[in-house]
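> got a predicted model here, sequence first, then my questions.
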Amino acid sequence: MSRVQVYLPDELHQQVKEHGLSPSELLQRAVREELRRRELETATDAYLAELIEEVGQPSVADVEYAQRLVEQLTQPAARRAG
């Protein structure tokens, strides 16, 4: 296993200690999650490129509809209900 030196701001290090967490385990998990996120992002970009090649660019109306849908889905639940 490789060793890596990592620097944390004092307040972050203090919080890690207060919660009894292992900085090494946290870093490993964070790195794995970031690598997975990037893999998924790359796969999504490739899929979208294939889709656009197959069916063409979305229309302005399609983009506007998608933007409205995202806005609705990302609003807090209380605002959506009202």
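Noted; the coordinates are in hand. Residues are numbered from 1 along each chain as shown.

> by mean pLDDT, which helix or strand of this structure comes out lowest?
When the helices and strands of the chain are compared on mean pLDDT, DSSP states H and E, helix 77-81 comes out lowest with a mean of 64.

> and the most centrally placed residue in the chain, what helix or strand is that in?
The centre of the chain sits closest to residue 37, judged by Cα atoms, centre = their mean, with a distance of 6.0 Å. Residue 37 belongs to helix 23-55 when elements are defined using DSSP states H and E.

> avg pLDDT for that helix?
In this model, helix 23-55 has a mean pLDDT of 97.

> for it, packing partners?
Applying 3 or more Cβ pairs under 8 Å, 6 or more residues apart in numbering; DSSP states H and E, one finds that helix 23-55 makes contact with helix 10-18. C-beta: built from backbone N, CA, C; applies to glycine.

> report the angle between the helix it packs on and helix 23-55.
For helix 10-18 against helix 23-55, the angle by axes from the mean of the first three to the mean of the last three Cα atoms, to 10 degrees is 110 degrees.

> pLDDT of helix 10-18, averaged?
Taken as a whole, helix 10-18 has a mean pLDDT of 96.

> distance from that helix to the middle of the chain?
A distance of 24 Å separates the centroid of the chain from that of helix 10-18, by Cα atoms, centre = their mean, to the nearest Å.

> hey, C-alpha coordinates of it in CSV?
Taking C-alpha atoms only, helix 10-18 is exported to CSV below (Å, rounded to 0.1, in the frame of the first residue of the first chain):
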residue,chain,number,x,y,z
ASP,A,10,-6.7,22.7,11.4
GLU,A,11,-10.5,23.0,11.9
LEU,A,12,-11.1,20.1,9.6
HIS,A,13,-8.6,18.0,11.3
GLN,A,14,-10.1,18.8,14.7
GLN,A,15,-13.6,17.8,13.4
VAL,A,16,-12.2,14.5,12.2
LYS,A,17,-10.7,13.8,15.6
GLU,A,18,-13.8,14.9,17.5
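
> next, the buried residues of that helix.
Neighbour-count burial for helix 10-18, counted by 16 or more other Cβ atoms under 10 Å, picks out no residue.

> helices and strands around that helix, which ones?
Packing partners of helix 10-18 (3+ Cβ pairs under 8 Å, 6+ apart): helix 23-55.
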